[in-house]
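Asks: Sequence and predicted model, in that order:
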Amino acid sequence: MLRVARAKKIFEPFGKRKVHTAIVPPLGGVVIFIGFIVTTVLASDGLSFDSLKFIIVAVILMLFIGLKDDLVSVSARKKLVVQVFAAIILITMGNIRFTNLHGIFGIHDIGFIASLTISLFSIIVIINAFNLIDGIDGLASGLSMMAATIFGVWFFLAGHFELAIMLFALVVSFFGFFLYNVFGNTNKLFMGDAGSLIIGIVISILVIQFNELNIIKTSPYAIGGAPAVSFAIIIVPLIDTLRVMTIRISQKKSPFTADNNHIHHRLLSLYNSHLKVTIIIVSANMIVVAIAIMLNKFSLNYNIQLLIVFLTGILFSFIPSILIKLRNSQKQKGLHTVEQVS
């Protein structure tokens, strides 16, 4: 991909919101796709994995619309149409959908229309949340590796080997990309929209399957508070999306207007290192996951678990802004002291 990009001069353009200072090919999504699909298909051979063909179709759709956006730009509306189409394929043909809300808001089994609506909304939100969080080197791939590893370990322990294989294929594909993205100098790669959309569609599938496979609590590895735990695993992209859209609306701007209010942008102004910011955010996400698992051990009401996880994520999201205000306040005090001495 690097050789193709250089030969055809395919590079990520500069812009006001771009944090990179060198020309970099945005074709990492293609590399991730190849590693993920080839490994999953070969390694899952012989296992019962009826939904795999529909997952592959959905991932291919994300690859092509993302790659087109990386190369020639696509309107948000067109991307949304393709996302909805891919989601409907997964829900109706792949039967990858929520059928039970585990007692959240007192609701358990849900009908097909409610299932279709909730599943479609969840898939679209998760896809776009991961698309928006891809703002600095290593962040989207780091969060994805963390999420896929946690889900993958659980699926393996619970005996769902086909899903575990798919997840570990995703982890290793992203790890290879991560090395080029974070540590590559002359060989640096960006995942582009193709990569972030693939992340979103696959992670949304995992969230649904994780919740569906935890409806029956007889397994020794069953997780009662599956909604809270799965929410905790992907909380950073979800909370960050909610946060930036709330800020934009409060400023009377379109919620889809691009800006530098993301959590990673705030942290980058404090720590001038993409790797440090990625480690901080991934570590914070893992702390929230640990809290969610601990709450599940205490057998708290599922609504309370979900609320605590949500509030913890909100609290963590405001820490960078608080640190920036403290830093600016200290700078002002320092300048005031210098002026008095002068």
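Replies: Thanks, I have it.

Asks: and the closest residue to residue 107 other than its chain neighbours, what does it touch?
Replies: Using Cβ to Cβ, 6 or more residues apart in numbering and skipping the chain neighbours, the partner closest in space to residue 107 is residue 101 (4.4 Å). For the C-beta atoms, the positions are set from N, CA and C on the backbone; glycine is no exception. Taking Cβ atoms under 8 Å, 6 or more residues apart in numbering as the contact definition, residue 101 lies against 107, 108, 110, 118, 227.

Asks: who wins for neighbours among the residues you listed?
Replies: The most neighbours of any of the contacts of residue 101, using other Cβ atoms under 10 Å, belong to residue 227, which has 25 neighbours.

Asks: Provide a list of residues in contact with that one.
Replies: By Cβ under 8 Å, 6+ apart, the contact set of residue 227 is 101, 102, 104, 211, 302, 305, 306.

Asks: How much space separates the residue nearest to residue 107 from residue 212?
Replies: Separation of residue 101 from residue 212 (Cβ to Cβ, to the nearest Å) stands at 11 Å.

Asks: where in the protein is pLDDT low?
Replies: 12-22, 255-259, 334-342 (pLDDT under 70).

Asks: three-state assignment of the spatially most central residue of it?
Replies: By Cα atoms, centre = their mean, the chain has its centre lying nearest to residue 130, at 3.6 Å. At residue 130 the chain is in helix, as set by DSSP: H, G, I helix; E, B strand; the rest coil.

Asks: for the closest residue to it other than its chain neighbours, phi and psi?
Replies: In space, and not counting its chain neighbours, residue 130 is closest to residue 200: 4.0 Å by Cβ to Cβ, 6+ apart. Dihedral angles of residue 200 (phi, psi; degrees, to the nearest 10) stand at phi -60, psi -50.

Asks: Go ahead and confirm residue 200 touches residue 126.
Replies: Yes - with contact defined as Cβ atoms under 8 Å, residue 200 reaches residue 126; the gap is 5.4 Å.

Asks: who's more crowded, the two?
Replies: Between residue 200 and residue 126, counted using other Cβ under 10 Å, the more crowded position is residue 200 (29 against 25).

Asks: show me the contacts for that one.
Replies: 62, 126, 127, 128, 129, 130, 131.

Asks: so how far is residue 240 from it?
Replies: Distance from residue 200 to residue 240, by Cβ to Cβ: 13 Å.

Asks: Find residues that contact each of these two.
Replies: When contacts are counted by Cβ under 8 Å, 6+ apart, residue 200 and residue 240 have residue 129 as shared neighbours.

Asks: mind checking how far residue 174 is from residue 270?
Replies: In terms of Cβ to Cβ, residue 174 sits 26 Å off from residue 270.

Asks: Those two: who's more crowded?
Replies: Neighbour count, other Cβ under 10 Å: between residue 174 and residue 270, residue 174 has more, with 28 against 14.

Asks: Please name the nearest non-neighbouring residue to that one.
Replies: Residue 174 sits nearest to residue 141 (Cβ to Cβ, 6+ apart), 4.5 Å away.

Asks: Which stretches in this structure count as helices?
Replies: Per DSSP state H, the chain carries helices over the ranges 2-8, 28-43, 52-72, 76-88, 112-133, 139-157, 161-183, 192-212, 226-233, 235-250, 263-270, 274-297, 302-341.

Asks: Identify each buried residue in the first one, please.
Replies: Just to be clear, that refers to helix 2-8. By 16 or more other Cβ atoms under 10 Å, the buried positions in helix 2-8 come out as 2, 5.

Asks: what do you get for the last one?
Replies: By neighbour count, with 16+ other Cβ under 10 Å as the criterion, the buried positions of helix 302-341 are 302, 303, 305, 306, 308, 309, 310, 312, 313, 316, 317, 320.

Asks: Show me which of those is closest to residue 233.
Replies: Of all the buried residues of helix 302-341, residue 233 sits closest to residue 309, with 9.9 Å by Cβ to Cβ.

Asks: can you pull the contacts of that closest one?
Replies: With contacts defined as Cβ under 8 Å, 6+ apart, residue 309 is in contact with 228, 231, 232, 235, 288, 291, 292, 295.

Asks: from those, which is closest to residue 31?
Replies: So of the contacts of residue 309, ranked by how close each gets to residue 31 (Cβ to Cβ), first place is residue 235, at 27.5 Å.

Asks: what's in contact with stretch 4-11?
Replies: With Cβ under 8 Å, 6+ apart as the criterion, stretch 4-11 contacts 23, 24, 25, 26, 27, 71.

Asks: Please list only the buried members of those residues.
Replies: The buried subset of those (16+ other Cβ under 10 Å) comprises 24, 25, 26, 27.

Asks: Including distance to residue 39, could those go into TSV?
Replies: Below are the buried ones among the contacts of stretch 4-11 laid out as TSV (distance: Cβ to Cβ, whole Å):
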residue	distance to residue 39
24	25
25	22
26	23
27	19
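
Asks: chain center to stretch 84-101, what's the gap?
Replies: Put simply, stretch 84-101 sits 19 Å off its chain's centre (Cα atoms, centre = their mean, to the nearest Å).

Asks: Output it in CSV with nothing but the alpha carbons.
Replies: Output in CSV follows, covering the C-alpha atoms of stretch 84-101 (Å, rounded to 0.1, in the frame of the first residue of the first chain):
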residue,chain,number,x,y,z
VAL,A,84,-27.8,1.9,7.0
PHE,A,85,-27.8,-0.5,4.1
ALA,A,86,-25.0,-2.5,5.7
ALA,A,87,-26.7,-2.5,9.0
ILE,A,88,-30.0,-3.8,7.6
ILE,A,89,-28.1,-6.6,5.9
LEU,A,90,-26.6,-7.6,9.2
ILE,A,91,-30.0,-7.3,11.1
THR,A,92,-32.3,-9.0,8.6
MET,A,93,-30.1,-11.5,6.9
GLY,A,94,-27.4,-12.1,9.4
ASN,A,95,-29.9,-12.0,12.3
ILE,A,96,-27.4,-9.9,14.2
ARG,A,97,-29.8,-7.8,16.4
PHE,A,98,-30.9,-7.1,19.9
THR,A,99,-33.8,-9.3,21.0
ASN,A,100,-33.6,-8.6,24.8
LEU,A,101,-32.7,-5.5,26.8
